[in-house]
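# quick one: sequence plus predicted model below, questions after.
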Amino acid sequence: MDHPQPGDKVKIHYTCTLNDGSVCDSTHRAGPLELKLGQGEILREIEQRLLRMEFGESARVTLTPDLAYGQYRHELVTEIDQKEFRDRGIQPKIGLTLDINPPAGESMVARITEVDDTKVRLDANHPLAGQTLQYDLQLVSKVL
């Protein structure tokens, strides 16, 4: 059997779908993803599954939120007055991502999820937090 080892550089194809069947990410248009196993470049459970596969093999892996991007945390959502954005010369738009520095903690990336006349809602959860993800994997080849 020809399995990859930690440290091997490999090419993989994957499609990630949500519970409703919608595709949230795929390599099939852009070509296979190249990565070095054992470097934490992908989700741990996906990497562990790839290490048990043979080159050319396909597999399906289902990840609960705890094994993927975590549970959705409501405390990572906040509303800020529009004035703060105007004072900094930022035009808030849904989907815009910002680096924020909370008073007690490390900086994090938050995205704008709502904008109205007075407030802007920021969400620092990963966009896939709280989601069960299904990955269809193919271990394409070893990169020499």
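Happy to help now that I have it.
# domain-wise, how is the chain divided?
Taking automatic domain parsing as the reference, the chain has its domains at 9-69+129-142, 74-123.
# which of those has the lowest mean pLDDT?
If the domains of the chain are sorted by mean pLDDT, domain 74-123 sits at the bottom with a mean of 90.
# can I get the domains of the chain in CSV with mean neighbour count?
To be clear about C-beta, it is placed using only N, CA and C from the backbone, and glycine gets the same treatment. Listed next are the domains of the chain as CSV, based on neighbours: other CB atoms under 10 Å:
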stretch, mean neighbour count
domain 9-69+129-142, 15
domain 74-123, 12
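# Serialize those to CSV and add fields for distance to H3.
Formatted as CSV, these follow (distance: least, CB to CB, whole Å):
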stretch, distance to H3
domain 9-69+129-142, 6
domain 74-123, 35
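# hey, where'd the helices end up in the protein?
Here the chain has its helices, by DSSP state H, at 44-52, 82-87.
# and L133, which of those is closest to it?
L133 lies closest, by CB to CB, to one member of the helices of the chain: helix 44-52, at 9.5 Å.
# which neighbouring elements make contact with the closest one?
Packing contacts for helix 44-52, counted by 3 or more CB pairs under 8 Å, 6 or more residues apart in numbering; DSSP states H and E, involve strand 9-17, strand 58-63, strand 133-142.
# got the CA coordinates for it in PDB?
Output in PDB follows, covering the C-alpha atoms of helix 44-52 (Å, rounded to 0.1, in the frame of the first residue of the first chain):
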ATOM      1  CA  ARG A  44      -6.800  18.100  11.500                       C
ATOM      2  CA  GLU A  45      -9.400  15.500  10.900                       C
ATOM      3  CA  ILE A  46      -9.000  15.900   7.100                       C
ATOM      4  CA  GLU A  47      -5.200  15.600   7.400                       C
ATOM      5  CA  GLN A  48      -5.500  12.400   9.500                       C
ATOM      6  CA  ARG A  49      -7.900  10.800   7.000                       C
ATOM      7  CA  LEU A  50      -5.500  11.700   4.100                       C
ATOM      8  CA  LEU A  51      -2.600  10.000   6.000                       C
ATOM      9  CA  ARG A  52      -4.700   6.700   6.000                       C
END
